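Undergrad: Next comes the sequence, and after it the predicted model I'd like to discuss.
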Amino acid sequence: MAEMSNTKSARDALENKRERFNIKSFLINNSVTILFVIICLIGIKLSKLPLFFIGSELLTRITRNSFLVLSLIIPVLAGMGLNFGITIGAMAGQIAIFLVMHWGITGMKGFLLCALLAAPLAILFGNLTGKLLNKTKGQEMIASMIAGFFANGIYQFIFLFSIGTIIPMKDPVMILSSGVGVRNTIDLSRNVGIKYALDNLVKLPVFHVFLVGAILTMLIYTVVRIYHKKECSFTGRYLITMMSCVVVVAVSGIFIFGGSYLPNELKMFKNIKLPVITCIVVALLCLFNVLIVKTKLGQDFRTVGQDKHIARISGINVDKVRIIAITLSTLLAAWGQLIFLQNMGTLNTYGSHVQIATFSIAALLIGGASVSRATIGQALLGTILFHTLFIVSPKAGKNLFGDAQIGEFFRAFVAYGVIGLSLGLHAWKKRIQFKKVG
Amino acid sequence: MSEAVKRFSNKVGLPRIIISSFFIFLFIVALILKLPIASLISDSIRRFGMYGILVLAMVPAIQSGIGPNFALPLGIICGLLGGLMSIEFGLSGWGSFFGALTISLPFAILVGWIYGILLNKIKGSEMLVATYTGFSIVSFMSIMWILLPFNHEEMVWPIGNGLRVTIALDSTFGQILNHFWEFPIFGVKIPTGLLLFFFICCFIVWLFSRSKLGTAMKAAGDSPKFATASGIDVDQCRIVGTVLSTVLGAVGILVYAQSYGFIQLYQAPLMMAFPAVASILIGGASASRAKISHVILGAFLFQGLLTVALPVANEIVREGNLSEVLRMIVQNGIILYALTKVGGGD
């Protein structure tokens, strides 16, 4: 019943929408996302991978990566653009893991200790980044990107050369045989390290969770929407969320209750298990992102994001608010990296953090976010689309050109290209607006 | 006293003071460690000439107001394409070098022109968009290096398809400028041809900036509003600057490749813009003002620093590549410092 009424309200809303906008502007505004849906579908078709494989792989990757992608949202709110400096947060997380591994604390205890240790480091790093970004107003994104590169240099200096020479440390498992420098890869599953610490706590069949989750989301979201009716309550975002929830409910219903009628290939989906705790953590972060807007601080973020000058006049300490935004983002990135790594099971000391900013930002942009506006739905949708592409592209490249390498290059091209294109389009739109006003 | 120090550091620039003193310090350490100074100096000079033109490519971009050209890989790709085609056509010796230059020019002009138009549409976000445009083109061309129909046996993999990752230039234009009129002085090898070529390029850019078009370009970069008021087409000037920068990038990579002795494909050009940007910034340029002297000083300091740091570092710490880490810290630190000078207000 719930789905019926919701489809109806969705249809009504769609008609409302048609009156106000036309379908063309909707297509143009979401062109990146739509293009990606098409590319992903083509990729899935070309790769000839079994749907079961794609589905289960996708699920792992969503729980693994969405926290990182979500950590980008707060700086966008504060008008600082996409934080290319989440690399720095990831480094804080990795330093914590390194220490905890060295002390030999494993499992959930180790993971929590990592989270605890990473926090002060990330806050310190975030604070410094924020101070830097206050000196480079208007160029925050490139500045945070270069700051990430710079920090990577220092990180390498510490881990490759200082440990064992300036910083005395002996650990035959983690330090190179020469006694100087940390090994290239650290196996987190050593003595049952923190691998799967969070993921394996509670695992439930995926469709049961989906069913309950989607119905809850629909109810809560609708209530929240109605509660805030003063703005227009049926935006495209609302529609998309509702419709996807309906689809999820329908699909999981079919899988749970109509399992015996399904073809064999699809039946296997029933066995996929979802790391519930990880999902709850991600959901909590979503909630945090929603709730923070309601607080004084969140309103300050928005005011600063809209107009620094007005914010200053109304007595907001702009620089401080910006520092807080970046610090929060860095802290969340540090925890996001912990979630990422506990799932991966191996810490690539000099490589794990390098690409996360690029990939997270590409995912967010693919979901339809821009430099000045990013939502949770966009983050999650983007993660799904981007990682679908990630899963299928090597195989698709191999099937199409006989060379898996082409698929690898293609996804790098896509990641970089999407960032370049979206940022370019954004700048272009802003310029046109500026011309119209001025 | 502190006033005077402040004025001095403002005039010369803090990063340049730090880098120069670090450079001198490394040199003294090298002397103490009894490293072969003559070969260190030869290497410094060689790398100075090798990277010089890539750094020079920043000058027209900065002068025309688009800021440091982080999309240098666009030009580099054009140069590589020219080099590959020249090898494919079976040219050798000087013919292959100038052939490569000639072939890459039309590509570079076209790409630079299109890119210039693009940059005009996104004024204000040039640096970041440029970086990612450069990145994406490098990845796109990586696909192309596999698919393009090159057949020359020195370039393609003997098994499988696509071009090799590094292509030796022994039989074509490897070291051709370096060995031209090369002479030793106190054991220091002077690659006359390389330096000559670099200085000629510098001279051409200098001449250009004195010409009517060049002056207009500089005016457009300095103050777009004022330039528009005096009847200069700012957008046109920015396109000219971009084209020139892309062309210099193409020439630069060919000079780089001949000096290195190899053409590097695939991911190699990905990060090449950053050292070039850092070099000109060390030389004293800012994101909105650059001169030829900044290029020469910057290229020499940055490359010299890295050349001397490598053996010194190897002497002190035997494991890992300290020089590479040092490059990362210095290079990105410098770019960051320059960025703080751009912004600040709001």
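TA: Ah, there it is.
Undergrad: and residue 290, what are its phi and psi?
TA: Since no chain was named, I'll use chain A. Per-residue torsions, A:V290: phi -70, psi -50 (degrees, to the nearest 10).
Undergrad: Chain B, not that one
TA: Residue torsions, per degrees, to the nearest 10, at B:A290 are phi -150, psi 140.
Undergrad: ok, it - how many residues close by?
TA: 28 (other C-beta atoms under 10 Å in any protein chain shown). Heads up, the C-betas are built off the backbone N, CA and C, glycines and all.
Undergrad: and the gap between the residue nearest to it when sequence neighbours are not counted and chain A?
TA: Of all residues not flanking B:A290 in the chain, B:I62 sits nearest, at 4.0 Å (C-beta to C-beta, 6 or more residues apart in numbering or on different chains). The gap separating B:I62 from chain A is 15 Å, by C-beta to the nearest C-beta, to the nearest Å.
Undergrad: residue contacts, B:I62?
TA: B:P68, B:N69, B:G221, B:I280, B:A285, B:A287, B:S288, B:R289, B:A290 (C-beta atoms under 8 Å, 6 or more residues apart in numbering or on different chains).
Undergrad: Kindly write the ChimeraX command that selects the buried subset of these.
TA: To isolate the buried subset of those in ChimeraX, counting by 16 or more other C-beta atoms under 10 Å in any protein chain shown, use the following:
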select /B:68,69,221,280,285,287,290
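Undergrad: Dump the contacts of B:I62 into TSV; add secondary structure and pLDDT as well.
TA: Listed next are the contacts of B:I62 as TSV, based on DSSP: H, G, I helix; E, B strand; the rest coil; pLDDT from 0 to 100:
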residue	secondary structure	pLDDT
B:P68	coil	86
B:N69	coil	85
B:G221	helix	82
B:I280	helix	88
B:A285	coil	82
B:A287	coil	76
B:S288	coil	79
B:R289	strand	82
B:A290	coil	85
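Undergrad: Can you tell me which of the contacts of B:I62 comes closest to B:L322?
TA: Lowest distance from B:L322 to those (C-beta to C-beta) belongs to B:I280, with 24.5 Å.
Undergrad: Any idea which helix or strand in the chain has the lowest mean pLDDT?
TA: Just so you know, I chose chain A. Taking mean pLDDT, DSSP states H and E as the measure, the helix or strand of chain A with the lowest value is helix A:2-20, at a mean of 50.
Undergrad: Can you look at chain B instead?
TA: Across the helices and strands of chain B, mean pLDDT, DSSP H and E gives its lowest value to helix B:2-12, namely a mean of 73.
Undergrad: Could you list every helix and strand in contact with the next helix-or-strand element following that one?
TA: Counting by DSSP states H and E, the next helix or strand C-terminal to helix B:2-12 is helix B:14-32. Helices and strands touching helix B:14-32, by 3 or more C-beta pairs under 8 Å, 6 or more residues apart in numbering or on different chains; DSSP states H and E, are helix B:37-56, helix B:273-282, helix B:292-316, helix B:322-342.
Undergrad: Out of the ones you listed, the one nearest chain A is which?
TA: helix B:322-342 (3.4 Å; C-beta to the nearest C-beta).
Undergrad: Tell me the buried residues in the closest one?
TA: B:322-323, B:325-340, B:342.
Undergrad: of all the contacts of B:I62, which comes closest to chain A?
TA: Chain A has its nearest neighbour among those in B:A287, at 8.8 Å by C-beta to the nearest C-beta.
Undergrad: separation between A:L421 and chain B?
TA: 8 Å.
Undergrad: for that residue, what are its contacts?
TA: A:L421 makes contacts with A:V32, as judged by C-beta under 8 Å, 6+ apart.
Undergrad: Now A:K398: closest residue in space, sequence neighbours ignored.
TA: Nearest in space to A:K398, with sequence neighbours left out and distances taken as C-beta to C-beta, 6+ apart, is A:A404 at 4.3 Å.
Undergrad: The one you found against A:K395, yeah?
TA: Yes - counting by C-beta atoms under 8 Å, A:A404 touches A:K395, with 7.3 Å between them.
Undergrad: So which of the two has more stuff around it?
TA: Per other C-beta under 10 Å, whichever of A:A404 and A:K395 has more neighbours is A:K395, with 19 against 14.
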